[in-house]
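K.L.:
sequence first, then the predicted structure:
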Amino acid sequence: MTKVRKITYRDAVREALIEALERDPRVFLMGEDVGRYGGAYACSKGMLERFGEERIRDTPLSESGFVGAGIGAALGGMRPIVEVMTVNFSLLALDQIVNNAATLRHMSGGQFSVPIVIRMATGAGRQLAAQHSHSFECWYAHVPGIKVLAPATIADARGMLWPALLDPDPVIIFEHATLYNDEGEIAEEGDLSVDIERAATRRAGRDATVITYGGSVKKALAAAEMLADDGISCEVIDLRSLRPLDDETIIASVKRTHRAVIVDEGWRSGSLAAEISARITEQALYALDAPVARVCSVEVPIPYPRHLEIAATPQPESIAAAVKGVLRR
Amino acid sequence: MIEFRMPSLGADMDAGTLVEWLKKPGDPVRHGDIMAVVETQKGAIEIEVFDDGVLDQILTKPGEKVPVGHVIATIRGADEPPGEGPLPVGAPPPPPTAASAMPPASKVTPPPPVECPTRQISVTPAARHRAAELGIDLGQIEPGPDGIIGLDQIEAAKRPPPPEPERKPAGISFEEMRKAIAAAMAKSHREIPHYYVSSTIDVSLLMGWLEAENERRSLPARLLYAVPLIRALALALAETPELNGHYIDGRFLPATHVNMGIAVAMRGGGLIAPAIAKVEALTMDAMMDKLRDLVGRVRSGRLRSSELSEGTVTFSNLGEDTADEVLPIIYPPQVAIIGCGKIAKRPWVSEGSLVVRRTLTVSVAGDHRVSDGRRAARFLSRFEQLLKSPEAL
Amino acid sequence: MTDQELAEFVRSTLIKVAPDLESEVFAPDKDFREQFEIDSMDMLNFIVALHQATGIDIPERDYNKLVSLSGCVAYLRAKGYGQ
């Protein structure tokens, strides 16, 4: 029996960062407040003292500038981990990410690659209001040339970083801001790296497949518990990788259950949920007993007051209602 | 394409009701697989297939009664394409390849168009597919309260199988069974010229041997005395083949093996004689196991078609506790039946003195068109002789 | 175990072997085989079940002591079962 210990998601991220810096001297961490402050979410607490200024680099308040610098460092042979405080601020670095990081391999005919890892906090749920509550994973998942990951569990938070660093192309890791305080078990020792291409079935079920990622995974599991009391058995799939999507796992599940509900904290129009729905229609139409349902954020800027923020974003109750809807019960 | 027909499960059977299919179109089938359950007057019988291939189409729905010989399904070879016809099944789409770019448009074959019912209804793709698979006409299905026909509506529309005969014999229709037995026995009496030969045999040696055997065996391994009797009968039949086989259309077809029907009385008055195949090749232990299994399945109402149609001779030990002698009637198309009474102590003459021995009266009924009393007497004599060396059985 | 409990145990063992007898009334001193058309296979299965439930080895010569409820109860007592 593997010995386990209990840590928080935040601890898992920190341990992953420490492991990376210890394993490869080319790895370094850069971003706003990562050094002296210990990280906006405390993910790099203590690391400046341990690894020094060269490897834990506080940057100016300029996303375009420091993401560009990170891209440059990667091109130069380093393995930078660039922390963009939240996806909201990454908009200022969109040009760097989309037009440089994502395209240089292609535009250089393979002569250059950009082995950069960009970590960003994402999502709503902490009353940070409209400009600081976005879920733009789908925008990044839209772009060829990068990989997009969404660790929703402690094990994934701990284990996705190293394989991401090994990838010779840009990888973006989205950490949902409401997960940092979550606690969970992790093995004491051994290689904690995880696969970064497959979705995971977090709960097996027969009646409907709920497909989701990031901060919505635990809401989907809570909904599944509620539905189990009504005799409805839900399968919950955690996408884990948003680009590429693991079609095989999704389609196999939907073919078995005949019903799909996608939970996506982004707004429904042009969402990742819309993309997954289209794939399900393309590959499993004749297995469907109901249209694919989507549970997304209401199409308004995310509200500031708590009760409105809750009303505007997917919740276990709305997920359960959507499942009942596809079952026509 | 092979036609799978409703088999005959007895001389008196002319139709059967299909209760349940145990395979569905697209399933592979192999010789010996059980295809479906059929209800006859004798209860629920599992029918087997004797070909290899893939079940192509089901042509008889659960609940339908069809005559013996009616084609109830088709079987295609593993390489044949699915057949044309009213109920083809749509092919599933191939598995998608995981791609980081846009997924390729995979080829999906839609199920064939089902006749559009005249009213406007919405049918989900899954429901349409399932209805085609089951051969259900969508026009007959009630949509749900929202006007949609989905999987739930298809499931509800599947004809519920007729209430299964209760596994306890008390639940089987004894009326029907008696009618069937009456018909078979009347036919036998009418058509088969019976003759009878009986012999009373000293079985003390056999019983002594059996008791010693059973003493050294653990309880679950002990043998009923019927087992060495059946064994001896099977070996004796090797020398009088005109007592083992079928008489059909004016001709006797001797059998290469002895498939011995065992008459089993069912509580409440039913009677059935399913066969154990190739008893000449079974050890006594194997035969005891098969006997136990067979009687168990008679009690629970789960016999196989081959057991009812392939018997080549029958043994009736129904007198075991009660009658001195049993004079049974042959089950057509067989040509003989052997009956045994109870084992009783009788006065016996042995080497000039009067002794008491355990004895058994065995009777053979034969079809006079195929054999005569002399042949039967020889058979009994050989049987008696075999029982004198039970350890060699 | 009281006699009644033993009798119930014997009855339920027989019912396991012949479930269709569940609702029948058992006359305690009458031979099962006459009451219920139990044949030699049923008897043997019943005796095997008794053996498996109690661990008592039952030689063939004792079978005729086990043909009624009361006979079974007496036999089991004599073999020390249900003390």
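P.N.:
Perfect, I can see it now. Note that this is a predicted model, so its numbers are computed, not measured.
K.L.:
so for stretch B:312-323, what gets flagged as buried?
P.N.:
Applying a neighbour-count criterion of 16 or more other CB atoms under 10 Å in any protein chain shown, the buried positions in stretch B:312-323 are B:312, B:313, B:314, B:315, B:316, B:317, B:318, B:319, B:320, B:321. Where C-beta positions appear, they are placed from N, C-alpha and C, glycine not excepted.
K.L.:
and the residues you listed near chain C, which?
P.N.:
With CB under 8 Å from any CB of the partner chain as the criterion, the subset of the buried residues of stretch B:312-323 in contact with chain C comprises B:320, B:321.
K.L.:
quick one: what helix or strand has the closest residue to chain B within the stretch 51-200 of chain A in it?
P.N.:
For the stretch 51-200 of chain A, the residue positioned closest to chain B under CB to the nearest CB is residue A:144, at a distance of 6.3 Å. Taking DSSP states H and E as the criterion, residue A:144 maps to no regular element, lying outside all helices and strands.
K.L.:
cool, residue B:143 as well?
P.N.:
With DSSP H and E as the criterion, the answer for residue B:143 is that it lies in no helix or strand.
K.L.:
wait, doesn't it sit right on residue B:153?
P.N.:
Yes - assessed by CB atoms under 8 Å, residue B:143 is found in contact with residue B:153 at 6.3 Å.
K.L.:
of these two, who's got more company?
P.N.:
Neighbour count, other CB atoms under 10 Å in any protein chain shown: between residue B:143 and residue B:153, residue B:153 has more, with 22 against 16.
K.L.:
give the contact list for the more buried one.
P.N.:
Residues counted as contacts of residue B:153 (CB atoms under 8 Å, 6 or more residues apart in numbering or on different chains) are B:127, B:141, B:142, B:143, B:144.
K.L.:
out of the residues you listed, who has the most neighbours?
P.N.:
residue B:127 (26 neighbours).
K.L.:
the residue nearest to residue A:4 when sequence neighbours are not counted: what secondary structure?
P.N.:
With sequence-adjacent residues excluded and distances taken as CB to CB, 6 or more residues apart in numbering or on different chains, residue A:4 is closest to residue A:185, at 4.3 Å. Residue A:185 falls in the strand class when you classify it by DSSP: H, G, I helix; E, B strand; the rest coil.
K.L.:
please tell me I have it right and the residue of the stretch 51-200 of chain A closest to chain B contacts residue A:102.
P.N.:
Yes - here residue A:144 reaches residue A:102: they are 7.0 Å apart, a contact under CB under 8 Å.
K.L.:
out of those two, which sits in the more crowded spot?
P.N.:
For residue A:144 and residue A:102, the more surrounded residue by other CB under 10 Å is residue A:102, and the numbers stand at 20 against 11.
K.L.:
wait, the more buried one sits on residue A:143?
P.N.:
Yes - distance between residue A:102 and residue A:143: 5.2 Å, which falls inside the contact criterion (CB under 8 Å).
K.L.:
is stretch A:161-178 positioned near chain B?
P.N.:
No - for a cut-off given as CB under 8 Å from any CB, stretch A:161-178 has no contacts with chain B; the smallest distance is 10.4 Å.
K.L.:
give the buried residues for that stretch.
P.N.:
The neighbour-count check on stretch A:161-178 (16+ other CB under 10 Å) flags A:161-162, A:164-165, A:167, A:169-178 as buried.
K.L.:
and the residue nearest to the spatial centre of chain C, backbone torsions?
P.N.:
The central residue of chain C, meaning the one whose C-alpha is nearest the mean C-alpha position (CA atoms, centre = their mean), is residue C:10 at 4.5 Å. Torsion angles at residue C:10 (phi, psi; degrees, to the nearest 10) stand at phi -60, psi -50.
K.L.:
what's near enough to touch it?
P.N.:
C:50, C:69, C:72, C:73, C:76.
K.L.:
could you redo those as a markdown table and give each row distance to residue A:132 and secondary structure?
P.N.:
Converted to a markdown table, those look like this (distance: CB to CB, whole Å; DSSP: H, G, I helix; E, B strand; the rest coil):
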| residue | distance to residue A:132 | secondary structure |
| --- | --- | --- |
| C:50 | 78 | helix |
| C:69 | 83 | helix |
| C:72 | 82 | helix |
| C:73 | 83 | helix |
| C:76 | 81 | helix |
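K.L.:
wasn't residue C:46 part of a helix?
P.N.:
Yes - residue state for residue C:46 (three-state DSSP) corresponds to a helix.
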